[in-house]
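> Quick one: sequence and predicted model below, then my questions.
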Amino acid sequence: MRIKKVIGIGVFFAILAMLLHIMSGAFMAIDSSDIENIEGFYSEPQNSIDMVVMGPSEIYTGYAPAMAWKEYGLKSCNLSIGAVPCNMYKSMVKEILRTQQPKLLVVSAAGFSHGDWNLGDEVYLRKWVDSMPFSENKLETLEEDVPTVATDTETGESDSTSESSSVASEDVRKNISDTMYFTLEKYHGNWKDPRTVAASFVTRSYMTLSGGGYLKGYYAKADRSGGRDNLANIGQPTQEAYVLTDSCRTYLEEFLAYCKNAGVQHLLMLQPPHETEATDKSGLDQIKQITESYGYDFLDLSTDLESVGIDDANDFCDFEHLNVYGTRKLTSYLGNLAVGKYGIHSETTDSEKSRWQKSVKKTQEVMDMCESCIDKGTLMGFGELEATDMYQWYFKNKYLK
C-alpha cells in the first residue's frame, strides 16, 4: 500500500512538472519567427544538415533552405534569431556542433558590425539563453558570455566607469540566472496579454506536432521598399556605418578561435546585402582581416548587389531585409557558392526525400502568398503557421477573392 502511495505521488509530481514545462514554454512569448527557428533547428535529425546559416534576422528573411535543396540538392537550415547579440554566437555554434556536423558554416557578420547596443540587453539575450535546453553550454553561456561591464547604447563604447550601468548589467546576468530553472517565474506576467501567450502556445504546439515545421528557418516578409531613394519617404534609414567595437572584436576572436579549435573546416563570414548607403566600412575591413587570419573566408555583400543580381527597387522589404524576390536570388547565390567553391555535396536518402519535398512545397506556398501580398500592398509575415493547409485556405478566401 505504501509503495502504491509513493508511486502515486511520483506520478503526480511528474505530471505537475510536465504541465509547468508546457506553461513555461507558452508564457515565454518571443517572436514567432524566433520560436520557429530555434525549435525547428533542434528538431533536425542529428547529423542530417550539411550547411548551417546563422545570425540575426537578415538570415531568416534572406535564405530559404528548401529552395537551395530544390536547386542544388543542398541540405541546409538556418539558426537565426532576431537581433541576436554577437556574444551569443559562440554558444550557438556549440549547439550546432553538438547536433550537426556541417561541412560549411555561414555566419552573418551583422552581429559584429553594428556596435554594442544589444550585448547586455536582457530581451535579446533571453531569446537564445532561455530557449536552450539545460546543459553545460547553457551555464557557460551565462557565466562567460553575458557581459558584466555595461555599454553605452548610443556610442557602442564600453562604459566601465559608470557604476550604475555596471550594476544594471550585472542585474541582467542575475535575472537570467535566477529564472534559469523555472522560466515561468520570469514570464508569468504575460497572462495579461492572452493573445501573445496563445500565439506562443499555438506556435510551439505546431512545431512539436509537425516534427519541427518545414521552412527550416525561413520567414518571409511581404513588403517592397521601392529602392534606396525611397527609404526616407517610408521612414527608413538611408545610411549605415559598419564598425567593429572593442567588445565585438573580442567576441569575434573568441568565436573564430572556438570554431578553429572545434575543427570547423569551412566557415564563410558574410555581411548580407543592405539597401542603405555605407558611410563607413572600416569595421568590415577589420572583420575580414581577423576572419582570414584564422584561415576562414569573408564575403561582403552589404552594398554589392550586382554579384547576387539583386534589384534595389524590388528585392528589399526594408533597408536591411530582403523580400521574397531577393531571397530567391541570395539563396541561389549561396547555394551555388556552397556547391561550386566549397564542394558541398549532399546525399538525400529515400527516407529523407518526402520531408524535403514537402519543405519545398510549403516554402513555395509561403513565397507565393508573399508575392500576392506585395502586389496588393498588404504588409504581412509568413512563417511555419502560415504554411499550414488551414492557413492556405484562409488566405485564399480572405485575400485572393
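In hand now; what should we look at? Residues are numbered from 1 along each chain as shown.

> Could you pull out the helices in the stretch 151-300 of the chain for me?
163-178, 184-187, 194-209, 246-261, 282-293 (DSSP state H, counting those that start in this stretch).

> so where do the strands sit in the stretch 201-350 of the chain?
220-222, 239-241, 267-271, 277-280, 297-300 (DSSP state E, counting those that start in this stretch).

> Make a markdown table out of the helices of the stretch 151-300 of the chain and add distance to residue 123 and mean neighbour count.
From N, CA and C alone the C-beta is placed, and that goes for glycine too. Formatted as a markdown table, these follow (distance: least, CB to CB, whole Å; neighbours: other CB atoms under 10 Å):
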| stretch | distance to residue 123 | mean neighbour count |
| --- | --- | --- |
| helix 163-178 | 10 | 15 |
| helix 184-187 | 11 | 17 |
| helix 194-209 | 14 | 16 |
| helix 246-261 | 18 | 18 |
| helix 282-293 | 24 | 17 |
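
> Out of these, which gets nearest to residue 395?
helix 194-209 (16.3 Å; CB to CB).

> Now do the same for that closest one: mean pLDDT, whole number.
The average pLDDT within helix 194-209 is 86.

> got the CA positions of it in PDB?
The C-alpha trace of helix 194-209 is given here as PDB (Å, rounded to 0.1, in the frame of the first residue of the first chain):
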ATOM      1  CA  PRO A 194      -3.600  36.400 -23.600                       C
ATOM      2  CA  ARG A 195      -3.200  36.800 -27.400                       C
ATOM      3  CA  THR A 196       0.600  36.800 -27.100                       C
ATOM      4  CA  VAL A 197       0.500  33.700 -24.900                       C
ATOM      5  CA  ALA A 198      -1.900  32.000 -27.200                       C
ATOM      6  CA  ALA A 199       0.200  32.700 -30.200                       C
ATOM      7  CA  SER A 200       3.300  31.300 -28.500                       C
ATOM      8  CA  PHE A 201       1.400  28.200 -27.300                       C
ATOM      9  CA  VAL A 202       0.000  27.500 -30.800                       C
ATOM     10  CA  THR A 203       3.300  28.000 -32.500                       C
ATOM     11  CA  ARG A 204       5.200  25.800 -30.100                       C
ATOM     12  CA  SER A 205       2.500  23.100 -30.300                       C
ATOM     13  CA  TYR A 206       2.500  23.100 -34.100                       C
ATOM     14  CA  MET A 207       6.300  22.900 -34.200                       C
ATOM     15  CA  THR A 208       6.100  19.800 -31.900                       C
ATOM     16  CA  LEU A 209       3.300  18.100 -33.700                       C
END
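
> Check which helices and strands it sits against.
Other helices and strands packing on helix 194-209, by 3 or more CB pairs under 8 Å, 6 or more residues apart in numbering; DSSP states H and E, are helix 2-27, helix 32-43.

> need the least confident one among the ones you listed, by mean pLDDT.
Mean pLDDT is lowest for helix 2-27 among those, at a mean of 60.

> Can you flag the weakest of the helices of the stretch 151-300 of the chain by average pLDDT?
helix 184-187 has the lowest average pLDDT among the helices of the stretch 151-300 of the chain, namely a mean of 52.

> rewinding a little: between the helices of the stretch 151-300 of the chain, which gets nearest to residue 348?
Closest approach to residue 348 among the helices of the stretch 151-300 of the chain (CB to CB): helix 194-209, 22.4 Å.

> Now do that closest one and helix 32-43, the angle between them.
Counting by axes from the mean of the first three to the mean of the last three CA atoms, to 10 degrees, helix 194-209 lies at 20 degrees to helix 32-43.

> so where's the stretch 251-400 of the chain uncertain?
Within the stretch 251-400 of the chain, no range satisfies pLDDT under 70.

> 90 instead?
For the stretch 251-400 of the chain, residues meeting the criterion pLDDT under 90 lie at 377-379, 396-400.

> one step back: would you reformat the strands of the stretch 201-350 of the chain as a markdown table and include distance to residue 133 and mean neighbour count?
Listed next are the strands of the stretch 201-350 of the chain as a markdown table, based on distance: least, CB to CB, whole Å; neighbours: other CB under 10 Å:
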| stretch | distance to residue 133 | mean neighbour count |
| --- | --- | --- |
| strand 220-222 | 28 | 25 |
| strand 239-241 | 36 | 15 |
| strand 267-271 | 25 | 24 |
| strand 277-280 | 39 | 12 |
| strand 297-300 | 31 | 19 |
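
> Could you export these as CSV, including distance to residue 337?
Output for the strands of the stretch 201-350 of the chain, formatted as CSV (distance: least, CB to CB, whole Å):
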stretch, distance to residue 337
strand 220-222, 22
strand 239-241, 24
strand 267-271, 8
strand 277-280, 22
strand 297-300, 8
